[in-house]
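Asker: give me coordinates for this.
(3 chains)
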Amino acid sequence: MNDILPTDFYHQPTLELAKSLLGTYLVHESKEGTVIGRIVETEAYLGIEDAAAHSYLGRRTKRTEVMFGSAGTVYTYVMHTHCLFNIVANERDIPEAVLVRAVEPIEGHELMRSRRGEKGKGRQVSNGPGKLTKALGITMDFYGWDITKPPLYITKGETPEAIEEGVRIGIDNTGEARYYPYRFWIKDNPYVSR
DNA sequence: GAACGGATGCTCT
DNA sequence: GAGCATCCGTTCA
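Answerer: Residues are numbered from 1 along each chain as shown, chains lettered A, B, ... in the order given. Alright, predicted model coming up:
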């Protein structure tokens, strides 16, 4: 796997990056084995001007600190009983990131399913933000990780045939921001969350 | 140190 | 499709 996407790849407008990430391969090498998931659904969070983003109005805390850092940094966040996986985009001091909402298993199906347990059969194994992190073995340990190096990195994948866009999910109480069309997914892919 | 609430998932109807 | 279970980081006292 020498097709690791370089840091430069992440230095682009967040909305562009969200679309560019569709179809790429998210790889995690662990002692249990290697798992690869093709990113099929993403959402963009535009920091300053986006009421749904943790970094809204430049809000800077321990939690959002990495969003202000360099592009290509991993931003993990614990939500309810789950862990969500984001990738910081754009330039330093511009707190924007892309949330990975769903992946399609490419390699390591057995390992993913065993991590998910009985609930993770079929497409249920990774068709959601909290599900994919568990399937891929991503935890808060990767907070601040540089996504361009092993054991957790992204490689060039298959360019999607068609991309669709729509409103984001799970942010019903954020005013106008809930209507922004910042969600992107690969058309007709069965692993898209909903 | 206590209270709060959320970028969800699962079960049941 | 709707309702509820479930925790930990952040925030405030």
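Asker: how many residues are close by the closest residue to DNA strand C within chain A?
Answerer: Residue of chain A nearest DNA strand C, by CB to the nearest atom of the strand: residue A:63 (2.3 Å). For the C-beta atoms, the positions are set from N, CA and C on the backbone; glycine is no exception. Residues lying near residue A:63 (other CB atoms under 10 Å) number 14.
Asker: now it, what's its secondary structure?
Answerer: For residue A:63, the secondary structure call by DSSP: H, G, I helix; E, B strand; the rest coil comes out as coil.
Asker: wait, it sits on residue A:77?
Answerer: Yes - with the criterion set as CB atoms under 8 Å, residue A:63 and residue A:77 qualify as a contacting pair; they are 6.9 Å apart.
Asker: what does stretch A:43-61 rub up against?
Answerer: The set of residues external to stretch A:43-61 that reach it, using CB atoms under 8 Å, 6 or more residues apart in numbering, is A:14-15, A:17-18, A:63-64, A:67-68, A:77, A:86, A:89, A:94-99, A:101, A:168-169, A:171, A:174-178, A:180, A:182-184.
Asker: let's go with 6 Å and repeat that
Answerer: Residues lying outside stretch A:43-61 but in contact with it, judged by CB atoms under 6 Å, 6 or more residues apart in numbering, are A:14-15, A:18, A:64, A:67, A:95-99, A:101, A:168, A:171, A:174-175, A:177, A:182-183.
Asker: show me which of these neighbour DNA strand B.
Answerer: Checking the contacts of stretch A:43-61 against DNA strand B by CB under 7 Å from any atom of the strand, the ones in range are A:97, A:99, A:168, A:171, A:174.
Asker: closest one of those to residue A:144?
Answerer: Taking CB to CB as the measure, residue A:144 lies nearest residue A:97 of these, at 12.5 Å.
Asker: contact partners for that closest one?
Answerer: With contact taken as CB under 6 Å, 6+ apart, residue A:97 is in contact with A:45, A:67, A:75, A:86, A:88, A:89.
Asker: excluding chain neighbours, what is closest to it?
Answerer: Closest residue to residue A:97 in three dimensions, ignoring its sequence neighbours and counting by CB to CB, 6 or more residues apart in numbering: residue A:86, at 4.4 Å.
Asker: which positions in chain A make contact with DNA strand B?
Answerer: In this structure, chain A approaches DNA strand B at residues A:43, A:45, A:52-54, A:75, A:77-82, A:84, A:86, A:97, A:99, A:116, A:119-120, A:124, A:128-131, A:168-171, A:173-174, A:193, judged by CB under 7 Å from any atom of the strand.
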